[in-house]
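Undergrad: okay, predicted coordinates and the sequence, questions at the end:
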Amino acid sequence: MTGTYRPPRDSLWFTRTRSYTLFVLRELTSVLVAWSAVFLIMLLAALLDGDFRDFAVMAAQPWMIALNVVALVATAYHAVTFLNLAPKATVVRLDGWRVPAWMIQGGNHSAWFALSVLIAYFILRSP
């Protein structure tokens, strides 16, 4: 009696092609994007509860700083790849004319940059 053929599983299949590797890395960055959201919620809770000193002590730990630096890089990569994919998911037409992908992409990156500068201005300004 013969059994069903089951090809061997290759758990690193995505490493054979650069585009697949970048895709999987982008998907894995979602975990660190979620961590960034959790960290900001923890910060907000500490501010509202008056426990900011305890939060600051925890956030100043070297492992926490390292985790947040990695999360920042991962979140930036996730955001850039998301904005680069937007023209493929969004078709904008004006009077029957299709807006080129580079204009949509450039507008997205410009808006992201402008908001980042605005937020940095309010956070970094002198008291």
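TA: Perfect, I can see it now. Residues are numbered from 1 along each chain as shown.
Undergrad: contacts for the worst-scoring helix or strand of the chain on mean pLDDT?
TA: Ranked by mean pLDDT, DSSP states H and E, the weakest helix or strand in the chain is strand 93-94, scoring a mean of 86. Applying CB atoms under 8 Å, 6 or more residues apart in numbering, the contact partners of strand 93-94 are residue 99. In short, each C-beta sits where N, CA and C put it, glycine included.
Undergrad: what pairs with it, and is each one parallel or antiparallel?
TA: The pairing partners recorded for strand 93-94 under DSSP bridges are strand 97-98 (antiparallel).
Undergrad: the partner strand: how far from the chain's middle?
TA: 30 Å (CA atoms, centre = their mean, to the nearest Å).
Undergrad: and the helix or strand just after it, what does it pack onto?
TA: Using DSSP states H and E, the helix or strand that directly follows strand 97-98 along the chain is helix 101-124. If you count contacts as 3 or more CB pairs under 8 Å, 6 or more residues apart in numbering; DSSP states H and E, helix 101-124 packs onto helix 62-89.
Undergrad: starting at the chain centroid, how far to the least confident helix or strand of the chain?
TA: 29 Å.
Undergrad: residue 108: neighbour count?
TA: 19 (other CB atoms under 10 Å).
Undergrad: show me where this structure dips below the pLDDT cut-off.
TA: Scanning the chain for pLDDT under 70 picks out 1, 126-127.
Undergrad: do that again at 50, thanks
TA: Scanning the chain for pLDDT under 50 picks out nothing.
Undergrad: biggest helix in it by residues?
TA: Taking DSSP state H as the criterion, the chain has its longest helix at helix 18-49.
Undergrad: pretty sure residue 46 contacts residue 52?
TA: Yes - using CB atoms under 8 Å, residue 46 makes contact with residue 52 at a distance of 5.0 Å.
Undergrad: understood, closing this out.
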